[in-house]
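1. Mind folding the following:
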Amino acid sequence: MDRIYLDYAATTPVDEQVLEAMRPYFDETFGNPSSVHRYGQQAEAAVDSARETVAAVLNCRPEEVIFTSCGSESDNLALRGATLTAREKTGAKWILTSKAEHHAVTKTAEQLEKYFGFQVAWLELDKHGLVTPEAVEKAICGETAIVSVMYANNEIGTINPIKEIAEVCHRHGVLFHTDAVQAAAYLPVDVQALGVDLLSLGGHKFYGPKGIGALYIRKGTPLIPVQTGGGQEFGLRAGTQNVPYIVGFAEALRLAGKEREARVEHVRPLRDKIIGTVLEEIPDAQLTGHPDQRLPQHASFVFKDVDGNLLLTLLDAAGFACSSGSACKTGNPEPSEVISAIGLSRDWGLGSLRVTLGSGTTPAQVDAFLKILQSLVEKARSFSQK
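-> Numbers count the residues shown, from 1 in each chain. Presented below is the predicted three-dimensional model:
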């Protein structure tokens, strides 16, 4: 049988239009954007044009867009650059974030605490993994350097109230960063409407290439570079720019903005069918994440007394590619930090499954998946009970 891909939150295929936009910059217009000659000027013009395209989608100035190698690097630059600057200027030492964040944020915060003398306060989550403005208000203080709360959770799909959290932060004069890597494919990323100071993006989540990301930095936001060297990216990210990938990133983000409504209309009914069928037909199944405020392509569950990794193996053998959470966590024999943070016990938490849809998902594929899932859950459960 043809294999069926249901792990679009881990990565997406590169859109054909994106490939076409990138292609000339591998072997025709291949110059270094820092070079003075015509080859360099052409490459620099391509980077400038891409920056303008990204800025138009984000509703910001081109000079507020910094290209990076991925969403994780963008998160690192935001947290390290902002906290180190804040401490130098004001003595601020607290980082506020949550256990539901991507490791690019939580591990960075932990390292800043261990090696650089900052302190991390973990924001309270509700049972759906949502961070409320009230939780931020409760934790924020005069020595807070930055607050970082993701726009939408990669593992359980919950969408956080970013605009309202930003308002809390700004009332206290504190910088606010959001990791929008998972959100950008389906949610608006207008930084003026969201009110954020820093916003991270990763190209491979919305049909762009892997190895390219961006960080929006609101003008006037104090930030020191993490990667030093040349003066590329307005002195905030040294290194020769990856011209074809930057071009591809911009085209992918442009298409995501242009086609957003159509993409949502395609995936949401399929997602709803998966959620409804699983909860109705499979015993001891529970939806993780918010039932309503969730990404339109994202369905995630826990199954009691099931080894989630075994279930993934059985699904893969049957021709279905799914995940137990973020791609980084696959193979972990323990419940993820996100699952633990929302209070699920081990007998539930080990049996997580994430099913994420995309442009290539068809109703027939969803039907095929639902037809076989219950039997595989029962098989995995029987092994766990032996």
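2. C-alpha from now on. contacts and neighbour counts both.
-> Noted.
3. where do the strands sit along the chain?
-> Taking DSSP state E, the strands of the chain run over residues 4-5, 65-68, 94-97, 119-122, 144-148, 175-179, 198-202, 213-217, 285-287, 298-303, 320-321, 352-356.
4. partners of the second one, with directions?
-> Counting by DSSP bridges, the strands paired with strand 65-68 are strand 213-217 (antiparallel).
5. CA atoms only: put the strand it pairs with into PDB for me.
-> The C-alpha coordinates for strand 213-217 follow below in PDB (Å, rounded to 0.1, in the frame of the first residue of the first chain):
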ATOM      1  CA  GLY A 213      14.200  30.500  10.000                       C
ATOM      2  CA  ALA A 214      13.600  34.100  10.900                       C
ATOM      3  CA  LEU A 215      13.200  36.200  14.000                       C
ATOM      4  CA  TYR A 216      11.100  39.400  14.100                       C
ATOM      5  CA  ILE A 217      12.700  42.000  16.400                       C
END
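6. number of nearby residues for residue 385?
-> By the criterion of other Cα atoms under 10 Å, residue 385 has 9 neighbours.
7. mind listing what the residue nearest to it when sequence neighbours are not counted touches?
-> Leaving aside its sequence neighbours, residue 385 sits nearest to residue 305 (Cα to Cα, 6 or more residues apart in numbering; 7.3 Å). By Cα atoms under 8 Å, 6 or more residues apart in numbering, the residues touching residue 305 are 347, 348, 350, 351, 381, 384, 385.
8. Quick check: chain neighbours aside, which residue is closest to residue 18?
-> Per Cα to Cα, 6+ apart, closest to residue 18 is residue 248, 5.2 Å.
9. Count the neighbours of the one you found for me.
-> Residues lying near residue 248 (other Cα under 10 Å) number 29.
10. Do I have it right that it meets residue 26?
-> No. Counting by Cα atoms under 8 Å, residue 248 does not reach residue 26; the two are 11.5 Å apart.
11. hang on, the earlier thing: redo the contacts of residue 305 as a markdown table? Include pLDDT and distance to residue 55.
-> Formatted as a markdown table, those follow (pLDDT from 0 to 100; distance: Cα to Cα, whole Å):
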| residue | pLDDT | distance to residue 55 |
| --- | --- | --- |
| 347 | 92 | 46 |
| 348 | 94 | 43 |
| 350 | 92 | 41 |
| 351 | 94 | 41 |
| 381 | 95 | 49 |
| 384 | 75 | 50 |
| 385 | 72 | 54 |
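12. I'd like the distance between residue 207 and residue 186.
-> 12 Å (Cα to Cα, to the nearest Å).
13. the more surrounded of these two?
-> Taking neighbours as other Cα under 10 Å, residue 207 and residue 186 compare with residue 207 leading, 27 against 20.
14. quick one, domains of this protein?
-> Following automatic domain parsing, the chain resolves into domains at 4-12+260-384, 16-258.
15. Which of those domains comes out lowest on mean pLDDT?
-> For those, the weakest mean pLDDT is recorded on domain 4-12+260-384, namely a mean of 93.
16. And that one, how far out from the chain middle?
-> 17 Å (Cα atoms, centre = their mean, to the nearest Å).
17. can you pull the contacts of the closest residue to residue 350 other than its chain neighbours?
-> The shortest distance from residue 350 to any non-neighbouring residue, by Cα to Cα, 6+ apart, is to residue 335 (5.0 Å). Shown in contact with residue 335 (Cα under 8 Å, 6+ apart): 346, 349, 350.
18. wait, the second one sits on residue 339?
-> Yes. The pair residue 349 / residue 339 is scored as a contact, 6.0 Å apart, by Cα under 8 Å.
19. Would you check that residue 172 makes contact with residue 142?
-> Yes. In this structure, residue 172 is within contact of residue 142 by Cα under 8 Å, at 7.3 Å.
20. can you pull the buried residues of stretch 368-383?
-> 369, 370, 373, 374, 376, 377, 378, 380, 381 (16 or more other Cα atoms under 10 Å).
21. Out of the residues you listed, which sit inside helices?
-> Using DSSP state H, the subset of these located in helices is 369, 370, 373, 374, 376, 377, 378, 380, 381.
22. Give me the distance between the nearest residue to the third one once chain neighbours are set aside and residue 375.
-> If the residues on either side of it in the chain are set aside, residue 373 comes closest to residue 315, at 7.8 Å by Cα to Cα, 6+ apart. For residue 315, the distance to residue 375 (Cα to Cα) stands at 10 Å.
23. got it, and residue 190?
-> 43 Å.
24. wait, doesn't residue 144 sit right on residue 172?
-> No. Assessed by Cα under 8 Å, residue 144 is found out of contact with residue 172, at 9.0 Å.
25. ok, back up a step: could I get the strands of the chain as a markdown table with distance to residue 364 and mean neighbour count?
-> Compiled in a markdown table, these are given as follows (distance: least, Cα to Cα, whole Å; neighbours: other Cα atoms under 10 Å):
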| stretch | distance to residue 364 | mean neighbour count |
| --- | --- | --- |
| strand 4-5 | 10 | 19 |
| strand 65-68 | 38 | 25 |
| strand 94-97 | 40 | 24 |
| strand 119-122 | 42 | 17 |
| strand 144-148 | 39 | 26 |
| strand 175-179 | 33 | 26 |
| strand 198-202 | 30 | 29 |
| strand 213-217 | 33 | 26 |
| strand 285-287 | 23 | 18 |
| strand 298-303 | 17 | 25 |
| strand 320-321 | 13 | 21 |
| strand 352-356 | 15 | 26 |
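26. Next, format those as JSON lines and append distance to residue 238.
-> Output for those, formatted as JSON lines (distance: least, Cα to Cα, whole Å):
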{"stretch": "strand 4-5", "distance to residue 238": "36"}
{"stretch": "strand 65-68", "distance to residue 238": "9"}
{"stretch": "strand 94-97", "distance to residue 238": "25"}
{"stretch": "strand 119-122", "distance to residue 238": "28"}
{"stretch": "strand 144-148", "distance to residue 238": "23"}
{"stretch": "strand 175-179", "distance to residue 238": "21"}
{"stretch": "strand 198-202", "distance to residue 238": "18"}
{"stretch": "strand 213-217", "distance to residue 238": "14"}
{"stretch": "strand 285-287", "distance to residue 238": "43"}
{"stretch": "strand 298-303", "distance to residue 238": "36"}
{"stretch": "strand 320-321", "distance to residue 238": "37"}
{"stretch": "strand 352-356", "distance to residue 238": "35"}
